[in-house]
Structure formats: structure tokens, C-alpha cells
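1. okay, here's the prediction I keep looking at, along with the sequence it came from:
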Amino acid sequence: MHEFFTRFVVLKNEKTGLPYTVGGLTQKGPHFGEDQNNQDAMSILVSENIIIAVVCDGCSGGSDSSSNTYSYNEFAAQTISVLAIKYIQEYIKKEDVINDDIALFLEDHLLSDLEKMITIFDNGILNIKDYLVMELFMSTVIISIIYKGKWYVLHGGDGVVIIDDNITNLKDYSGIYISNKLHSKNGCDSNILKIIGKGDTSNLNHILIATDGIYDFIKKDKEKFISICSELENRSTNYNKGYDEKFLREFNKRFVRQWEKKERTDHDDRTFILVRRLPFTEEAKLNITQAKEFINEKCDIPMEETTKNDKVNT
């Protein structure tokens, strides 16, 4: 069984005021050639008031039957994951809020940049646009955004999304891919990016976005996998707001070890990012302290420190 790694492209990792922790992992599948890369990509941005996560699955090109064709599309996955975060930042800077039109804004800018890249390669003599689309720019994309009390999940292509224990396998809702609009023969007029979910963060406990390879784990043990999303109290070490550097160890201990000797050998690459609400934040601690002080004052009950260290005068 190939090991999981924290293979992020981290565009920004700052201290955040949001009560969420962000972890994610990727696992290479056994490709046709062992020297071939993991074709999935994962990118995050964490700052004071925003968390953005993107996973992409580079889809194998179809214009060449040689084994080499199965490693090219990592380029698309990495490029799209980084560009998506770039343009989400631009949208938020412009609008200072997230609304449904972020999907069209992001799609237009992604397509514009990818078209420019293709133009650089195509010298106008050799018609290589469609070849490049098939070999370099085929990828799925799933995005989660948390900003100013709102959350959004968008996707183009297949994959898996879990929002507060509700699992959606996007295989039946994949829609069209970015390459469909870039390919000259398709003439596609439909939008690529779809909003799969949105809401108020006051009711949000966790979001998991993943490439379709992770669905194997859900089929094996749905309850155990969901527990990774929702049962944060099981870990003895502290959680941090924002990027969780200790998530790999937790995931291996709580889930992976039981499958190490049972794992099938023909699985796809598996990549996921998980945003989880912290079980005990500084904000929660402050509220508890204030409530305790209020009760003690109203009920004339000595504080805990007084009962331990001082005698109460009678």
C-alpha cells in the first residue's frame, strides 16, 4: 500500500480567526509505470478570515495509447488548483463577499488563462490545440470556500464531497469538464463549475472534498471514515486553527492501519482536503469562563480557586 503524504501547494498559511482546522492527504495509485507521478493536486490558502481548499484530478489523455500518456495531466491538476485560488482571492477582493456568481467569474478566468497557455504552444502553423487539451488540460476541480460567515462548495467533473456527514459521489453529477470547453470540436455552451452546496458557517461542522479514488475508503467503512470528519475529540494532541500539521498521523492511526494488509492494488490516486470545526476554540473557552463568572456572581458561589486555596469566612 502506498503511503499518504501532505503534498499541498500552500499559497498562504497564516494565523486564522476562523474556528476551523484544515488537513489533507494524497496517496499515489499504482500507475502503469512506477516512475509516473501522482496526477492529483491539492492547494490551500489560510488567512485571518478565509479558508480556500482545492483538489483536482488530472485525467489521463486519450490521444496517445503509450504508457507515457498517463502522467501528463498532473500539469493541468496543479495549474488549475493554483489558478482557482488566485481568482477566488481576486473575486473576494472585488466583492468583499461570496455569492453564486463566483462560479461564473472563476470559470471565465480559468478558461481565459488556459486558452492563453495553449496559444503560447500553438504557433499558428501546427494545429496542436486539441492535442494539448487532451494531453495537458484534462482535470476535475472541487473547491471549498469559507469567508465572512458563509461557505460554498463548487465542482467541475467527478469526485467526492462530504458536508456534515452527507456524502455526494459526483460521478452521477459530474457535468462537463474544463477540457470540453477548450476542445474545438465540442462546442460546449454549458457552464463548467456548479455549486454543489452553500450555507451559513454557524451550522457547518465539516467539509471534505476529494478525488474519486477516496470513495474506495467510504465503501469499505463509511462509519469509520465519517468519524474522521466529525469526532475530533479522539485525538490527544492539540488542534490548531488553520493548517493542521498533525493530521497525517491522526488519519494513519485512526483509519489507514486497519487496511494496510487488505488494500487492493489497482486503486486510483486518492486526494482529499478536510475542513473541520474545532471542538474547543478560544472563543468557546471565553464564553464558558464568562458564563461561570456570571453564575458565581448571581448565586454567590465561591470561585473554584477560592475553595481550593482559601478558607471561606463564615
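-> Structure received.
2. quick one: secondary structure of the residue nearest to Q78 when sequence neighbours are not counted?
-> Closest residue in space to Q78, ignoring its immediate chain neighbours: A41 at 4.5 Å, by C-beta to C-beta, 6 or more residues apart in numbering. Bear in mind the C-beta positions are built from the backbone N, C-alpha and C, glycine included. Here A41 is strand, with the state taken from DSSP: H, G, I helix; E, B strand; the rest coil.
3. mind checking how far the longest helix along the chain is from the chain centre?
-> Across the chain, the longest stretch assigned as helix under DSSP state H is helix 74-95. Chain-centre distance of helix 74-95: 13 Å, with C-alpha atoms, centre = their mean, to the nearest Å.
4. SS state for G29?
-> Going by three-state DSSP, the state assigned to G29 is coil.
5. my guess is it contacts I214. True?
-> No. G29 is not in contact with I214 according to C-beta atoms under 8 Å; the separation is 11.2 Å.
6. hang on, the earlier thing: relative to I85, how far out is the residue nearest to Q78?
-> Counting by C-beta to C-beta, to the nearest Å, the separation of A41 from I85 is 11 Å.
7. before we move on, what about L274?
-> 17 Å.
8. got the contact list for the residue positioned nearest the centre of the chain?
-> Nearest to the mean C-alpha position of the chain, by C-alpha atoms, centre = their mean, lies I273 at 3.5 Å. By C-beta atoms under 8 Å, 6 or more residues apart in numbering, the contact list for I273 reads V22, G23, G24, M42, I44, A53, V54, V55, S144, L208, I209, A210.
9. okay, angle between the helix or strand hosting it and helix 74-95 too, please.
-> Element membership of I273 [criterion: DSSP states H and E] is strand 270-277. Counting by axes from the mean of the first three to the mean of the last three C-alpha atoms, to 10 degrees, strand 270-277 lies at 30 degrees to helix 74-95.
10. convert strand 270-277 to PDB, retaining C-alpha atoms only.
-> This file holds the C-alpha atoms of strand 270-277, laid out as PDB (Å, rounded to 0.1, in the frame of the first residue of the first chain):
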ATOM      1  CA  ARG A 270      -6.600   9.400  -3.700                       C
ATOM      2  CA  THR A 271      -6.500  13.000  -2.500                       C
ATOM      3  CA  PHE A 272      -8.700  14.900  -0.100                       C
ATOM      4  CA  ILE A 273      -8.800  18.100   2.000                       C
ATOM      5  CA  LEU A 274     -10.900  18.200   5.200                       C
ATOM      6  CA  VAL A 275     -12.100  21.400   6.900                       C
ATOM      7  CA  ARG A 276     -13.300  20.600  10.400                       C
ATOM      8  CA  ARG A 277     -14.800  22.800  13.100                       C
END
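11. buried set for it?
-> R270, T271, F272, I273, L274, V275, R276, R277 (16 or more other C-beta atoms under 10 Å).
12. got it, and stretch 96-106?
-> Going by 16+ other C-beta under 10 Å, stretch 96-106 has these buried residues: I98, I102, A103, F105, L106.
13. give me the contact list for that stretch.
-> 84, 87-88, 91-92, 95, 143, 145, 147-148, 150, 152, 154, 191, 193-195, 198.
14. what ranges of this structure fall below the confidence cut-off?
-> For the chain, the stretches flagged by pLDDT under 70 are 1-2, 30-38, 60-72, 123-127, 184-188, 259-268, 280-314.
15. which stretches of it form strands?
-> 4-5, 9-13, 20-27, 40-47, 50-57, 141-147, 150-156, 160-163, 166-169, 194-200, 206-210, 242-243, 270-277 (DSSP state E).
16. returning to what we had before: any common contacting residues for A41 and I85?
-> When contacts are counted by C-beta under 8 Å, 6+ apart, A41 and I85 have V54 as shared neighbours.
17. the more surrounded of the two?
-> More neighbours surround A41 than the other of A41 and I85, with 29 against 22 (other C-beta atoms under 10 Å).
18. related to what we said a few turns ago, output the strands of the chain as CSV; include the columns distance to N73.
-> Below are the strands of the chain laid out as CSV (distance: least, C-beta to C-beta, whole Å):
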stretch, distance to N73
strand 4-5, 19
strand 9-13, 16
strand 20-27, 15
strand 40-47, 10
strand 50-57, 9
strand 141-147, 12
strand 150-156, 15
strand 160-163, 19
strand 166-169, 21
strand 194-200, 21
strand 206-210, 17
strand 242-243, 27
strand 270-277, 14
